[in-house]
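Participant: Sequence and predicted structure below; questions after.
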Amino acid sequence: MASVFLFFIIVILSEIATFISPASAFAEIRLQVSEATTLRQIGGENTQATTQTLAPNATNAIELNYPVELISETRIPVILVPVSKNSEITIDSPKKKEVVQMAEESEVSVLMSSVMGSLADIQNQIRKQQLDQALHALLALESKYPNIKFLEFTRASIRLLQGHREEAKHIAEAALTAVPNYQEGQRFLHSLGETR
């Protein structure tokens, strides 16, 4: 599973690029959040961080002189940095589930690109009758990705081309146990004289 990103979205309350000095003034903001949110002070000289609960879908008036973190149950935390004196903002940070799903989809895409590239190289070796090299590369790929069961059908094909028909059958049978609805695998096993 993809690792969960622990990151913060930094929301700057103005286009001004300089921070207000903590001793100089408060930033007065009106803040709207989409769900119950805890505001927690994360900076300043105060040894006890102050917290405040913000009501969802309402305008919350807040005075800030140090950065604060907004924490809700289902959304990515947000850090607010006081920059301008008066601002009105709405915070709608991404949901944690959405971030995890995006990370997983990205990881799967990278994984599949890697596997498909390696398979293309292996198939090229098979076409060139470099069966030992192809088998070696495939075994390395299988050890790296043991849960991708369709790779076993490629191994069965290589073993068949190397003259090991019975071993090819056993490999294909085991692979079909893991992915019984894989039609190409069923056809391959049938071509070896087995019916499923």
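Facilitator: Here it is on my side, so go on.

Participant: any idea how far Arg40 is from Lys149?
Facilitator: 47 Å (C-beta to C-beta, to the nearest Å). Every C-beta, even on glycine, is put in place using the N, C-alpha and C of the backbone.

Participant: With neighbour numbers in mind, choose between the two.
Facilitator: Neighbours were counted for Arg40 and for Lys149 using other C-beta atoms under 10 Å; Lys149 has more, 17 against 14.

Participant: Am I right that the more buried one is in a helix?
Facilitator: No - per DSSP: H, G, I helix; E, B strand; the rest coil, Lys149 lies outside any helix segment and is coil.

Participant: Identify the spatial nearest neighbour of it, chain neighbours not counted.
Facilitator: Ala178 (4.2 Å; C-beta to C-beta, 6 or more residues apart in numbering).

Participant: Same check on Gln162?
Facilitator: Leu131 is the one closest to Gln162 (C-beta to C-beta, 6+ apart), at 5.3 Å.

Participant: beta partners for the nearest residue to Thr74 once chain neighbours are set aside?
Facilitator: Spatial nearest neighbour of Thr74, excluding adjacent residues (C-beta to C-beta, 6+ apart): Lys95 at 5.4 Å. When bridges are called by DSSP bridges, Lys95 pairs up with Arg75.

Participant: which ones are touching Lys95?
Facilitator: 74-76 (C-beta atoms under 8 Å, 6 or more residues apart in numbering).

Participant: and the residues you listed, which are buried?
Facilitator: Among the contacts of Lys95, those buried by neighbour count (16 or more other C-beta atoms under 10 Å) are 75-76.

Participant: Out of the contacts of Lys95, which is nearest to Glu88?
Facilitator: Closest approach between the contacts of Lys95 and Glu88, by C-beta to C-beta: Arg75, at 19.7 Å.

Participant: measure the closest one to Ala172 for me?
Facilitator: Separation of Arg75 from Ala172 (C-beta to C-beta): 48 Å.

Participant: what's around the residue nearest to Lys149, how many residues?
Facilitator: 12.

Participant: Spatially central residue for this protein, please.
Facilitator: Ala103 (1.8 Å; C-alpha atoms, centre = their mean).

Participant: quick one: which helix or strand includes that residue?
Facilitator: Using DSSP states H and E, Ala103 sits within helix 96-127.

Participant: looking only at pLDDT, what's the mean for that helix?
Facilitator: Averaging pLDDT along helix 96-127 yields 84.

Participant: Summarise which helices and strands it is packed against.
Facilitator: Applying 3 or more C-beta pairs under 8 Å, 6 or more residues apart in numbering; DSSP states H and E, we find helix 96-127 packed against helix 131-144, helix 151-161.

Participant: Hey, what's the angle from that helix to helix 151-161? Just curious.
Facilitator: 10 degrees (axes from the mean of the first three to the mean of the last three C-alpha atoms, to 10 degrees).

Participant: All good on my end, thank you.
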